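S.K.: Predicted model and sequence below, questions to follow.
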Amino acid sequence: MATTTNYGWTTPDDTSLVKDGASAIRTLGTSIDTTTYNNSLLPIAKTIVDAKGDIIAATAADTVARLAVGTNGQVLTADSTAATGLAYTTISAGAYTTISSASLSSTSVTISTIPGTYKELVLVVEGATATTNNTLALRINGITSATYETARIRTDSSNTVTVTTSVTELNIGMRANSSTTSENFTITFPNYTSTVGRINGIFSGGNSNGGTSGTFVQTSNAAITSITLFTVSGGTFNGGTYALYGVK
């Protein structure tokens, strides 16, 4: 028997003697009907897209929808909260996202409710001064027990190396005084969400009189959820800013 070119429907040969024309027509008609019906379920109407850059995405099983293009520079990312499971998002420059930023004031500043969605944290303090001669210090998660261990190198006239163990705060080793040059420093907290190892970080900074850099360990096995900046010897902050960034 002969067949059609594309779908292979059965048709009589040119030399065939068609005894039952009605049956042959019915057989061909059934094939056409079945193929047409099945194919009608496959195409997606072109009218589903409306503008340049539109894409088609699923909202559920066997259900499609239009997702409009994002703005210049955005990237398409998975987003379980979106109807299509996709969303266009803006990537922060250098993959840094500001978690919190403000001016330094009072005797202490606490950055709380730190999300655990980043690879590391970077804390930047600029122009810090205080009403009296003070050492800038930091505590993690409000823990005041003796848990900090530091190794610090001073790059000033003393050029000293200091190792400190079992102290109640991370002493940055810089002076913040309204009558002297303001202080600037940066602290990086890698793997800050880990709950199975010690909290650790790297700090550096200083002023025109010199600087300091080093590393620290806090012995508690807890993710960082808050950071407090304060002055060790009393007095209050009267200048400077801080910014805490999350790094993707």
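M.R.: Nice, I can see it. Numbering: from 1, shown residues only.
S.K.: quick one, domains of the chain?
M.R.: Domain ranges of the chain: 2-40, 48-91, 94-247, per automatic domain parsing.
S.K.: could you give the mean pLDDT of the second one?
M.R.: Translated: domain 48-91. On average, the pLDDT along domain 48-91 is 89.
S.K.: Span of that domain from start to end?
M.R.: This stretch, domain 48-91, spans 28 Å end to end (C-alpha to C-alpha, to the nearest Å).
S.K.: Highest mean neighbour count out of the domains of the chain?
M.R.: domain 94-247 (a mean of 17; mean count of other C-beta atoms under 10 Å). For every residue, glycine as well, the C-beta is placed using N, CA and C.
S.K.: Distance from the chain centre to that one, please.
M.R.: 22 Å (C-alpha atoms, centre = their mean, to the nearest Å).
S.K.: Now residue 135: closest residue in space, sequence neighbours ignored.
M.R.: Nearest residue to residue 135, sequence neighbours excluded (C-beta to C-beta, 6 or more residues apart in numbering): residue 232, at 4.3 Å.
S.K.: which residues touch the one you found?
M.R.: 134, 135, 136, 137, 169, 171 (C-beta atoms under 8 Å, 6 or more residues apart in numbering).
S.K.: Nearest to residue 45, out of those residues: which one, please.
M.R.: residue 136 (64.3 Å; C-beta to C-beta).
S.K.: what's the spacing between the closest residue to that closest one other than its chain neighbours and residue 228?
M.R.: Nearest residue to residue 136 in three dimensions, chain neighbours excluded: residue 172, at 4.6 Å (C-beta to C-beta, 6+ apart). Residue 172 sits at a distance of 13 Å from residue 228 (criterion: C-beta to C-beta, to the nearest Å).
S.K.: Kindly report the same for residue 52.
M.R.: Where residue 228 is concerned, residue 52 sits at a distance of 51 Å (C-beta to C-beta).
S.K.: again, but for residue 106
M.R.: 11 Å.
S.K.: Can you list the low-confidence ranges for this protein?
M.R.: 1, 5-7, 9, 11-21, 37, 39-42, 92-94, 156-158, 173-181, 208-209 (pLDDT under 70).
S.K.: Please name the residues that touch the residue nearest the centre of the chain.
M.R.: By C-alpha atoms, centre = their mean, the chain has its centre lying nearest to residue 248, at 4.5 Å. By C-beta under 8 Å, 6+ apart, the residues touching residue 248 are 92, 95, 97, 118, 119.
S.K.: If we use 6 Å, what do you get?
M.R.: Counting by C-beta atoms under 6 Å, 6 or more residues apart in numbering, residue 248 touches residue 95.
S.K.: how far away is it from residue 97?
M.R.: Here the criterion is C-beta to C-beta. By it, residue 248 lies 7 Å from residue 97.
S.K.: again, but for residue 203
M.R.: 21 Å.
S.K.: Please apply the same query to residue 123.
M.R.: Taken as C-beta to C-beta, the span from residue 123 to residue 97 is 14 Å.
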